[in-house]
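J.: Got a predicted structure plus its sequence, pasted below:
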Amino acid sequence: MIEVREEDRKFLRFLWWKSDGQLLTYQHCRVVVGVNCSAFILGAVLNHHLDTVEPEDKSTADKLMNSMYVDNAVLSLDSFDKYEEFRRKSVTILARAGMELRQWEHSSVEEPRIGLLSSRCGLGTDRRICKEEPSPSRITFVLGLKWDKNLDTLSCDLSTLLPEDFKITKRGILATIARIFDPIGFTSPAVIIPKLILRET
């Protein structure tokens, strides 16, 4: 949803082959997901928009800015009422920028049907998670970690990293470490050992 200035669109050109063999040149008018600078541009646009909100929305905008990781927001609130208020206000704030804040999920830790300790959402169908739902839906992924919404716990499943026929080689160790996506750094105490082994080899 982020428009590219007309003079910069030439840097986002791509070729299109028509069925008759004719080669056409097009250019994107919006920021393309996957370009090296896309995440930076999104961050800059979000920061600018959240910095320039009305004074009555400043508290929500600051909370949203501090909980964003690229296009996801992950935060904790004290009650379900505060969650609903934050959700309503943050959706309105980003709607003014033409962005849809969606895919809301929350933990259910206070009452059987409602409650909140933590919440995540993304720029991009609204899913409400309650204790009565089947157990598989209680697990979701947040920034590379498994989030059990019923227990409100974060964990990392490393059991699938090593196949049965794993051979210990420098390349194998490097590939295994690279599979662990943990931008927050929760697994750092465990991952430091194979990194040290890799350095020694």
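T.: Perfect, I can see it now. Computed from a prediction, not measured in an experiment: that's the story for all the values here.

J.: Quick check: next helix or strand after the helix or strand of the chain with the lowest mean pLDDT?
T.: Counting by mean pLDDT, DSSP states H and E, the chain has its least confident helix or strand at strand 118-123, which shows a mean of 58. Once the chain leaves strand 118-123, the next helix or strand it forms, by DSSP states H and E, is strand 139-142.

J.: Give the partner strands of that next one in its sheet and their orientations.
T.: Looking at strand 139-142 with DSSP bridges, its partner strands are strand 145-148 (antiparallel).

J.: what sits up against the strand it pairs with?
T.: Under the contact criterion CB atoms under 8 Å, 6 or more residues apart in numbering, strand 145-148 has outside partners 107, 118, 120, 138-141, 153-157, 182, 184, 186. Any C-beta I mention is one placed from the backbone N, CA and C, and that applies to glycine too.

J.: Name the strands paired with the host helix or strand of A73 and say parallel or antiparallel.
T.: Secondary-structure element containing A73, defined by DSSP H and E: strand 72-76. Counting by DSSP bridges, the strands paired with strand 72-76 are strand 68-69 (antiparallel), strand 118-123 (antiparallel).

J.: list the buried ones in that strand?
T.: Residues of strand 72-76 classed as buried: 73-75 (neighbour count, 16 or more other CB atoms under 10 Å).

J.: Just checking the distance from it to the centre of its chain.
T.: Average the C-alpha atoms of strand 72-76, do the same for its chain, and the two points are 9 Å apart (CA atoms, centre = their mean, to the nearest Å).

J.: quick one on the thing from earlier: which one among the buried residues of strand 72-76 gets closest to A175?
T.: Proximity of the buried residues of strand 72-76 to A175 (CB to CB) peaks at V74, which lies at 27.9 Å.

J.: List the residues that contact E164.
T.: With CB under 8 Å, 6+ apart as the criterion, no residue contacts E164.

J.: And this protein, what are its domain boundaries?
T.: As given by automatic domain parsing, the domain ranges for the chain are 56-155, 157-201.

J.: Show the end-to-end separation of the longest one, please.
T.: Distance between the boundary residues of domain 56-155 (CA to CA, to the nearest Å) amounts to 37 Å.
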